[in-house]
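Student: here is a sequence together with a model predicted from it:
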Amino acid sequence: MQTLKKLSQITLAIGIVSHLAGCAPQMAPMLVMPEMPITKTDTVLINLQSEQKKTLNENVVQMPNHQVLAGSSLVINVPDTHFSNNRKNTANDTYKTKDFFNQAEQQIERVLIGSGFRVISRSKLEAKLRDLRDAARCSSLDYNCLHGQLSNDMRPILEDTKRKWEKGELTEKEYTDKARELYEKATNTSAGRTREDGQKELTDISEVIRAAQSGEVRADYILQINNFETDKDIYLTSDLRHYPQVREFINTYPALASLINNQNMIFSCAVIGAQLNAQLIHVQTGEIIWIGNHELTEWSAGAAGVSIELGQRTYPENYNQIKSYVDAENTPEARLFRAANKTSPNIPSIVMKTDLTPSIVTRGHCDKQARADDEVRSQLTRAVARELMETIKVSVNKP
């Protein structure tokens, strides 16, 4: 009897629990975060190059009916005025134009010798030139000679000095000293330098030709250096859109097309440049038989360069929006609401976006002002001299 009573109590308890369980509210299942595409990054490397408008051959011309024979003698003429005007004097300037030109001159001589020329030292002709100048000097008392050598603005001074001497206002020595002073000033100005500046007197091409035509040492040709700038500051502009690898990169990621503009595609860099302009003169006839002009920058000469890295980043733009929606739908309240109203979740669709990552310089430098690098300048100076001199055609066959 007691056992029966216990069984009845257990059955009643089970019934109550079952009843209570059947009345518990139902909850919708948890939402699972959709699988998101991975963020993809990619880059392209561009080695900036200068866009040369003209080739070297377009800047060189040689007389077709004049044959330059191997074994011809040649002297290089470099006016000293070139050095005094080539570079501005600045404090703590370690770049010395003459030092760098000496390297370039040696490069010129090597190419010319390799082409078949016999290169004569300038000192041989300088000695002859001094003799010719000294022989042509006017006497201090030769008024007509002095007057003919002076410029129009200096002649009235000599005329006034002569009148004062004739009137007895000046002694003969005072007159000759003043006349000699005017003459020295005139001859120094015409030569573009003072005699005290040194022994390099090959400044006037007509005098050089005279010196090369006479004396024990003769030259068949004179290589006249008209301009040699070894420290030009040049701005090079490069549009990344002109490079095939950049166009291919944009085609791979079409979304980049709308992000491309001049601001992120055009780079302007200050670089070092060198320019050489020269002509080859046949001493016997005075004919200019070759003219050449060449310019190189540290980029085109391969002495230095700049590499730019351009990149893209493709990623799910609305990741945070999707995650916030899933988190909100997984709260107990939201799950009870979906279960009670029998609604389905509406997870936002994934939206992908592509960004253009900022371009960065990975090699070299792209500045607003060129950097004074002596080694780069030295390489550039030698390269522009070598490349231009190699265009002079020398024949080993006699005409």
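Tutor: Happy to help now that I have it. Just so it is clear, the structure is predicted and the values come from calculations on it, not from any experiment. Residues are numbered from 1 along each chain as shown.
Student: contacts and neighbour counts: CA atoms only from here.
Tutor: Fine.
Student: mean confidence for the longest strand along the chain?
Tutor: Using DSSP state E to assign secondary structure, the strand with the most residues in the chain is strand 221-239. Throughout strand 221-239, pLDDT has a mean value of 85.
Student: helices or strands next to it in the packing?
Tutor: For strand 221-239, the packing partners by 3 or more CA pairs under 8 Å, 6 or more residues apart in numbering; DSSP states H and E come out as strand 73-77, helix 80-86, helix 97-115, strand 266-282, helix 374-389.
Student: now the helix or strand following that strand: how far from the chain's centre is it?
Tutor: Downstream of strand 221-239, the first helix or strand assigned by DSSP states H and E is helix 244-252. Put simply, helix 244-252 sits 26 Å off its chain's centre (CA atoms, centre = their mean, to the nearest Å).
Student: helix 244-252: which residues count as buried?
Tutor: When burial is assessed from 16 or more other CA atoms under 10 Å, helix 244-252 yields the following buried residues: 246, 249-250.
Student: now those residues as a markdown table including distance to V283?
Tutor: Converted to a markdown table, the buried residues of helix 244-252 look like this (distance: CA to CA, whole Å):
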| residue | distance to V283 |
| --- | --- |
| V246 | 54 |
| F249 | 58 |
| I250 | 60 |
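Student: go through these and name the one nearest E309.
Tutor: Set against E309, the nearest of these by CA to CA is V246 (10.2 Å).
Student: shouldn't the closest one be in contact with L48?
Tutor: No. Using CA atoms under 8 Å, V246 is not in contact with L48, being 11.7 Å away.
Student: which stretches of the stretch 201-350 of the chain have low pLDDT?
Tutor: 201-217, 303 (pLDDT under 70).
Student: go again using 50 as the cut-off
Tutor: Under the criterion pLDDT under 50, the flagged ranges of the stretch 201-350 of the chain are 201-202.
Student: residues in contact with M63?
Tutor: Residues counted as contacts of M63 (CA atoms under 8 Å, 6 or more residues apart in numbering) are 289-290.
Student: model confidence over the one helix or strand D177 maps to, on average?
Tutor: Assigned by DSSP H and E, D177 falls within helix 172-191. Per-region confidence: helix 172-191 scores 72 on mean pLDDT.
Student: what about E166, neighbour count?
Tutor: 13 (other CA atoms under 10 Å).
Student: and the pLDDT for it?
Tutor: Per the predicted model, pLDDT is 81 at E166.
Student: quick one, phi psi at it?
Tutor: phi -70, psi -30 (degrees, to the nearest 10).
Student: gap between R122 and T314?
Tutor: 67 Å (CA to CA, to the nearest Å).
Student: for T357, that is, sorry about that
Tutor: In terms of CA to CA, T357 sits 10 Å off from T314.
Student: what residue lies at the spatial centre of the chain?
Tutor: The residue lying closest to the centre of the chain (CA atoms, centre = their mean) is V271, at 3.1 Å.
Student: quick check, A179 in contact with P156.
Tutor: No. Judged on CA under 8 Å, A179 makes no contact with P156 at a distance of 11.7 Å.
Student: so between those two, which is more surrounded?
Tutor: For the pair A179 and P156, the greater number of neighbours falls to A179 (24 against 13), based on other CA under 10 Å.
Student: how far away is the more buried one from D160?
Tutor: For A179, the distance to D160 - CA to CA - is 11 Å.
Student: try T55
Tutor: 57 Å.
Student: also R218?
Tutor: 44 Å.
Student: please say which of those two ends up with more neighbours.
Tutor: When neighbours are counted by other CA under 10 Å, R218 comes out ahead of the other of R218 and D160, with 19 against 11.
Student: could you say which helix or strand contains the more buried one?
Tutor: Going by DSSP H and E, R218 is not in any helix or strand.
Student: please report how far it lies from V75.
Tutor: In terms of CA to CA, R218 sits 9 Å off from V75.
Student: do the same with D374
Tutor: From D374 to V75 the distance is 28 Å (CA to CA).
Student: between the two, which has more neighbouring residues?
Tutor: With neighbours defined as other CA under 10 Å, D374 and V75 compare such that V75 has more, 25 against 13.
Student: that one contacts Y221, doesn't it?
Tutor: Yes. In this structure, V75 is within contact of Y221 by CA under 8 Å, at 6.6 Å.
Student: still on that earlier bit, neighbour count winner among T357 and T314?
Tutor: The neighbour comparison of T357 against T314 (other CA under 10 Å) goes to T314, with 18 against 15.
Student: is the more buried one part of a helix or strand, or is it coil?
Tutor: strand (DSSP: H, G, I helix; E, B strand; the rest coil).
Student: okay, now the residue nearest to it when sequence neighbours are not counted: neighbour count?
Tutor: Closest residue to T314 apart from its sequence neighbours, by CA to CA, 6 or more residues apart in numbering: T354 at 4.2 Å. Using other CA under 10 Å, T354 has 19 other residues around it.
Student: now I38. Nearest residue, chain neighbours left out?
Tutor: Y315 (6.8 Å).
Student: surely the one you found touches I350?
Tutor: No. Between Y315 and I350 there is no contact under CA under 8 Å: 9.9 Å.
Student: overlap in contacts, the two.
Tutor: The contact lists of Y315 and I350 share no entry, where a contact means CA under 8 Å, 6+ apart.
Student: what's the host helix or strand of I291 packed up against?
Tutor: Assigning secondary structure by DSSP H and E places I291 in strand 288-297. Counting contacts by 3+ CA pairs under 8 Å, 6+ apart, strand 288-297 packs against strand 60-62, strand 266-282, helix 374-389.
Student: now it, how far from the centre of its chain.
Tutor: That offset, for strand 288-297, works out to 19 Å (CA atoms, centre = their mean).
Student: can you tell me what sits against that strand?
Tutor: Contacts made with strand 288-297 from outside it, assessed by CA under 8 Å, 6+ apart, are listed as 50, 56, 59-63, 66, 234, 271-282, 380, 384, 388, 392.
Student: for Y221, list each beta-bridge partner.
Tutor: In this entry, Y221 is beta-bridged to L74, H282, by DSSP bridges.
Student: shaky segments in the stretch 1-150 of the chain?
Tutor: In the stretch 1-150 of the chain (pLDDT under 50), the answer is 3-4, 7, 10-21, 84-96.
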